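Asker: pasting the sequence and the predicted model now:
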Amino acid sequence: MLNYIINPDCTSALKSYELPKNLGFGEHFAPLMLSAKFKDNAWSSFLVEPFGPISLLPSAKVFHYAQEIFEGLKVYKSPSKEALLFRPEQNAKRFKKSAERLAMPILDEKDFLFSLNLMASLLSDVIPETSGQSLYLRPIMIATDTIMSVRPSTEFLYMVLASPCGDYFSSQDIGVLIERDEIRASSKGLGSSKTGANYAASLHSYKKAKDLGLSQTLWLDSKENKYIEELSGMNFFALINNELHTPLLNDSILEGVTREAIIKISRHLKIKVVERKMDIGELIEQIKDQRCSEAFACGTAAVITPLAFLSDLDEKGRRIDYEFRDKNCPLGSKIKDYLLALQEGRISDEFGWVSKVSL
Ligand SMILES: Cc1ncc(COP(=O)(O)O)c(C=O)c1O
């Protein structure tokens, strides 16, 4: 296990910190951050210090070749004021898998988990207590060697940032652009890794969607351009003939921790779940004849987000909207209530998914 050092300035940084009133998502940062450096094939101790700027040379590889990975998970406060983590070992596994794909060093899963517990316990007073709010943890690893040739870096920086957060979406009516011209991630590429390059590839479509008055992008597969993959930075579900359908995982879809939890919770609630390749043309027909009654996206940040409609473009670039019959998403809301109650320690944890923050 790696050792840790806590900078003495952390005490005053914590004391003078006030939780903002309006949280939003990713807008405010907790007063501490954690880091470790990888050099000469070994990790340093963890250092916890006040949140602030870091210093890197402009030739650091991350700025040129995007060798970087990240994770995202939330710490919740239970009614008895305990700090709770939801399946952090899933994030540890995914971080390791992303590191392997991006030719980065492995941070032992135990060290990764320890760094999260250390931050969550030091920041215990910064975890919002209102239901639906939480402290979002963002572990990252970036390539820091300063040689500009294209090859894997030999030096890296691992960090954990923390952000008190509330709702991810401010609007209720989420309209989604079916993206037929661009691809988020290709087969055998980086899609199943959590790395910045995938998000960079998604931003042009995000802008296009916004310009059309829509909120998000529905991504299709790179080979046939017809099977649903993901919805922006979330996984996708649709209720069709009272069964919950979701795209079967492949190497260009990010395997969501929330997705897997929803599948297991739904089965526990006796809802049939089907994982399969989902053809967008077929789904549009099912929305039109109302066999598909609702759809939602899911992920750590947004938990479960009901979708109001999908949108295609005609040859003149005008929107054709396909509205879901049940825009208020009754089943998705029921699953969300269950999932949140579990994450916030308000119901008994039949799955063994919730762990108390401990050092
Ligand atoms: C591309 C993408 N898909 C799916 C998800 C959902 O994953 P999780 O439920 O683990 O947050 C995320 C968010 O992390 C994501 O960025």
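Answerer: Thanks, I have the structure now. Numbers count the residues shown, from 1 in each chain.

Asker: quick one, what contacts the residue in the stretch 101-250 of the chain that the ligand sits nearest to?
Answerer: Nearest residue of the stretch 101-250 of the chain to the ligand (Cβ to the nearest ligand atom) works out as Gly233 at 3.4 Å. C-beta: built from backbone N, CA, C; applies to glycine. Residues near Gly233 by Cβ atoms under 8 Å, 6 or more residues apart in numbering: 199, 202, 299, 301.

Asker: which of the residues you listed scores worst on pLDDT?
Answerer: Model confidence across these bottoms out at Ala301, which has 93.

Asker: how near is that residue to Tyr4?
Answerer: Ala301 is 27 Å from Tyr4, where distance means Cβ to Cβ, to the nearest Å.

Asker: and these two? Which one has more around it.
Answerer: More neighbours surround Ala301 than the other of Ala301 and Tyr4, with 20 against 16 (other Cβ atoms under 10 Å).

Asker: excluding sequence neighbours, find me the nearest residue to the more buried one.
Answerer: Excluding its sequence neighbours, the residue lying closest to Ala301 (Cβ to Cβ, 6 or more residues apart in numbering) is Tyr168, at 4.5 Å.

Asker: packing partners for the host helix or strand of Ser35?
Answerer: Using DSSP states H and E, Ser35 falls within strand 32-39. Helices and strands touching strand 32-39, by 3 or more Cβ pairs under 8 Å, 6 or more residues apart in numbering; DSSP states H and E, are helix 9-15, strand 46-50, helix 109-122, strand 156-165.

Asker: which residues does the residue of the stretch 51-200 of the chain found nearest the ligand contact?
Answerer: At 5.1 Å from the ligand, Gly72 is the closest residue in the stretch 51-200 of the chain, using Cβ to the nearest ligand atom. Shown in contact with Gly72 (Cβ under 8 Å, 6+ apart): 91, 136-138, 194, 300-301.

Asker: what parts of the stretch 251-359 of the chain come near the ligand?
Answerer: 254, 256-259, 299-300 (Cβ under 6 Å from any ligand atom).

Asker: what of the stretch 101-250 of the chain?
Answerer: 230, 233-235.

Asker: with pLDDT and secondary structure as added columns, please give those residues in TSV.
Answerer: As requested, those are exported to TSV (pLDDT from 0 to 100; DSSP: H, G, I helix; E, B strand; the rest coil):
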residue	pLDDT	secondary structure
Glu230	97	strand
Gly233	93	coil
Met234	97	strand
Asn235	98	strand
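
Asker: mind putting those into CSV with distance to Pro164?
Answerer: CSV is the format used below for these (distance: Cβ to Cβ, whole Å):
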residue, distance to Pro164
Glu230, 27
Gly233, 20
Met234, 21
Asn235, 25
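
Asker: may I see the PyMOL selection of the buried members of these?
Answerer: To isolate the buried ones among those in PyMOL, judged by 16 or more other Cβ atoms under 10 Å, type:
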select buried, resi 230+233+234+235
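
Asker: and the furthest pair within the residues of the stretch 101-250 of the chain next to the ligand?
Answerer: Farthest-apart pair in those is Gly233 and Asn235; separation 9.4 Å (Cβ to Cβ).

Asker: list residues touching both of these two?
Answerer: Joint contacts of Gly233 and Asn235 (Cβ under 8 Å, 6+ apart) are Gly299.

Asker: hmm, back to that, between the contacts of Gly72, which is nearest Ser121?
Answerer: Leu137 (11.9 Å).

Asker: so the closest one sits in a strand?
Answerer: Yes - according to DSSP: H, G, I helix; E, B strand; the rest coil, Leu137 belongs to a strand.

Asker: mind listing what Pro330 touches?
Answerer: Pro330 touches Glu294, counting by Cβ under 8 Å, 6+ apart.

Asker: for it, give its distance to Ile304.
Answerer: In terms of Cβ to Cβ, Pro330 sits 12 Å off from Ile304.

Asker: and for Ser348?
Answerer: 21 Å.
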